[in-house]
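Colleague: just a sequence and a predicted model for now, questions to come.
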Amino acid sequence: MRVSNKSKKGIVVIMFVITLRTLGCVSRSQASLQAVGPINPANGFPFWYQDVNGVTLGLCVGSPNCLADAVVAGNAFSAQIGFGTEAFWWGADALVGGPPPAPDAGLVLATEAAFGNLDGSAQDGFQITFNRVRIRVSGAAANETCTIIHPFSAALGDPFVTDAVGVINTTVDFGCVIDPILGGLCNFAFPLTVNAANPISVFLTPVAGTVVPAGFIGDGLTDVQITGSPTGNNLFSVDCPSFAAPLTTNLFIIQGQLFSINLTAAKAGNGTGTVVSDIAGVDGLTTINCGPACVSQTVAFAPFSAPGISTVVNLTPTPSATSVFSGWTGCDTVAPITNVCTVTLISTARTVTSTFNEAKNITAAPAAIDVGAINAGSTVLRTVNVSNTGATTNLLIGAVTLAPATDFTMLTNTCSNATLAPAATCLVEVMYLKAGLGASTATLAIPSDDPQTPIMNVTLSANSVLVPAFTDVPEGAFAENFINSLFYNGITGGCGGANYCPDNTVTRGQMAVFIETSLGVTVPPACLGNVFSDVTAASVGAGFCGYIEKLAADGITGGCGGSNFCPNAPVTRGQMAVFIEAALNNPANACANTFTDSTLAIVGPVVCGFIERLAADGITGGCGGTNFCPTNPVTRAQMAVFIVAAPAPMKP
């Protein structure tokens, strides 16, 4: 029958060590199990032991291939750790001979976990570990000297003397011991030191080609040939004078669960990329190679393959052409430029997450605005166009802010909290107006979920000076700032040279250019030449023709009667009221006789109503007194006032 591998208690462990040292067994070369892992907080024992060949074993519990004691009913700590009085990192058992009364022998080799309290029950604080060599022989003659060879004996075997009934029954446990009454913490590295009392320096394993369960070095049930003996004695043999022949076997039952640490590389984000790992200073071990989709991948690493207590793994992310790498979680360190994630594996599983996001690529045009030197009190409008230049993914924009909002202010803003599809655009319009002198700066902050540029900052700058835009509109002249504003916003370049000609009358053709330019039409539309009889490229020029026809297409004018537009006729103030409000898409107000010279009886219901609307919108206060002067021609200076004072969509 199989020799039991049940441990004795802590006091017995001490006694066996003393006995073997007193006997003065044959000396062996000094070696050791290579390393021991840190303490597992769940059970109070080391996570793993590793031998000189780099075989790393964890405590073998919870599997049919592990010979640990069953959980003890009613013992909460036993239930927590998954075994009763003992469990094993490694074990090798051999039986030979028998059945009784024929001679038989048994060998037990183990690296074992047990408890050092008086009853040996599973109790936290009394954890002990030790290496065990147990030899049992029966059926020999009394008091005879037998030679026993096993994988950790001397090359030619060790002598053992039978007792009065012809039995050898010896157990040597060498390792961490504690006071069975007072308890105390063990030095769990102690059983690693190999000497005459503790010969185990290597975990015996099945010979190459033996089928074993995945993750184990043996199934704990089946006899197999073994390898690994430091002396080449991969067998168990007992030779007593009274035996007809030595009892010898090369078959052992091996148990041991390989310890490995799972490193999981997970992926987050809506982009794609790859993650590849190497193991610092180590070649030939399996690596993580997370493909383009970078679905989570788990790879088990041994704690180390050279002396030490850890494995350092480096993981390198590479985004795809349409994605960007946005960061790691779970790393010990991350290199600032290469984004290499470093993880040190010791005893517990680790998970690191790489985030790849679709490259959304927010752009702002222009990226910065410097309006230059602006005459104090003049208004300047500028537009920032924000675009999603990504290939496939929507761009989510947050609330756009402007700071400081003193000399620069936001007007139109279609970007805040907008969702931009690829190639879509929104806009933010900012206005500069400063009465005093000096430089001004501000920042337009556009937040988004672009992983590369979470906040797009557009810098704004200007300098308020006392330098009029036109020679004939000096400082303090009527409509000076209105006229300057037209120039700074590209609505007019003047009447020639450096002049604006503020007192010149505006023709209906010029009026069309002023209004359409203030509505954002910066390039003359094509001239069809068939909208008005008196408006052709030949009669007024292609540029004027295009603007006049655009004015008609926008529903702002129907001409001056018949099929004519009267492009060279002066624009009256009454007509201008109609043009401005029509350009703003505003209906006429009721005629309330606000102005003495613009009553229903004098100018008619249409002109009266639009003049009333112009006054209600704050665009005009009349021409003096209680009059509007509806039939007076509009001068270029007055034209500037009408346009600049008008609200959006007219500019400025």
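Modeller: Alright, I've got the coordinates.
Colleague: please, which helix or strand holds residue 93?
Modeller: Under the criterion of DSSP states H and E, residue 93 resides in strand 87-97.
Colleague: mind checking how far that strand is from the chain centre?
Modeller: How far strand 87-97 lies from its chain's middle: 49 Å, per CA atoms, centre = their mean, to the nearest Å.
Colleague: what helices or strands is it leaning on?
Modeller: strand 48-50, strand 56-58, strand 104-115, strand 216-227, strand 236-239, strand 247-249, strand 251-258 (3 or more CB pairs under 8 Å, 6 or more residues apart in numbering; DSSP states H and E). Where C-beta positions appear, they are placed from N, C-alpha and C, glycine not excepted.
Colleague: name the residues of the helix or strand where residue 386 lies that are buried.
Modeller: Residue 386 is part of strand 379-388 when elements are defined by DSSP H and E. Using 16 or more other CB atoms under 10 Å as the test for burial, strand 379-388 gives 379-382, 384, 386-388.
Colleague: can you check stretch 511-525 too?
Modeller: In stretch 511-525, counting by 16+ other CB under 10 Å, buried: 511-519, 521, 524-525.
Colleague: now do it: distance from first to last residue.
Modeller: 15 Å (CA to CA, to the nearest Å).
Colleague: mind listing what residue 540 touches?
Modeller: 509, 534, 548, 567-568 (CB atoms under 8 Å, 6 or more residues apart in numbering).
Colleague: circling back: return the list of strands paired to the strand holding residue 386, each annotated with direction.
Modeller: strand 362-365 (antiparallel), strand 425-433 (antiparallel) (DSSP bridges).
Colleague: quick revisit: can you say which of the contacts of residue 540 are buried?
Modeller: 509, 534, 548, 567.
Colleague: now, those residues that are in helices?
Modeller: Of these, the ones assigned to helices by DSSP state H are 509, 548.
Colleague: want to throw the buried ones among the contacts of residue 540 into a markdown table with pLDDT and distance to residue 434?
Modeller: Formatted as a markdown table, these follow (pLDDT from 0 to 100; distance: CB to CB, whole Å):
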| residue | pLDDT | distance to residue 434 |
| --- | --- | --- |
| 509 | 94 | 35 |
| 534 | 96 | 44 |
| 548 | 96 | 36 |
| 567 | 96 | 38 |
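Colleague: of the buried residues of stretch 511-525, closest to residue 496?
Modeller: residue 513 (14.8 Å; CB to CB).
Colleague: pretty sure that closest one contacts residue 547?
Modeller: Yes: with contact defined as CB atoms under 8 Å, residue 513 and residue 547 form a contacting pair (4.7 Å).
Colleague: ok so, going back, out of the buried ones among the contacts of residue 540, which is nearest to residue 227?
Modeller: Nearest to residue 227 among those, with distances taken as CB to CB, is residue 548, at 101.4 Å.
Colleague: would you enumerate the residues in contact with the closest one?
Modeller: 508-509, 512, 531-532, 535, 540, 557, 565, 567.
Colleague: in TSV, list those along with distance to residue 71.
Modeller: Formatted as TSV, the contacts of residue 548 follow (distance: CB to CB, whole Å):
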residue	distance to residue 71
508	101
509	100
512	95
531	96
532	101
535	101
540	102
557	95
565	101
567	102
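Colleague: buried set for the single longest helix found in the chain?
Modeller: In the chain, ranked by residue count with DSSP H as the criterion, the top helix is helix 600-616. Using 16+ other CB under 10 Å as the test for burial, helix 600-616 gives 602-603, 607-615.
Colleague: tell me which of those residues is nearest to residue 572?
Modeller: Nearest to residue 572 among those: residue 607, at 9.0 Å, using CB to CB.
Colleague: that closest one contacts residue 573, doesn't it?
Modeller: No: in terms of CB under 8 Å, residue 607 does not count as a neighbour of residue 573; the distance is 9.6 Å.
Colleague: thinking again about what came up before, tell me the one among the buried residues of strand 379-388 nearest to residue 119.
Modeller: residue 388 (72.6 Å).
Colleague: hmm, back to that, can the buried residues of strand 379-388 go into JSON lines with extra columns for pLDDT and distance to residue 433?
Modeller: Compiled in JSON lines, those are given as follows (pLDDT from 0 to 100; distance: CB to CB, whole Å):
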{"residue": "379", "pLDDT": "92", "distance to residue 433": "5"}
{"residue": "380", "pLDDT": "94", "distance to residue 433": "8"}
{"residue": "381", "pLDDT": "92", "distance to residue 433": "10"}
{"residue": "382", "pLDDT": "93", "distance to residue 433": "12"}
{"residue": "384", "pLDDT": "97", "distance to residue 433": "17"}
{"residue": "386", "pLDDT": "97", "distance to residue 433": "23"}
{"residue": "387", "pLDDT": "95", "distance to residue 433": "27"}
{"residue": "388", "pLDDT": "92", "distance to residue 433": "31"}
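Colleague: if we can go back for a sec, between the buried ones among the contacts of residue 540, which sits nearest residue 421?
Modeller: Among these, and counting by CB to CB, the member closest to residue 421 is residue 548, at 36.9 Å.
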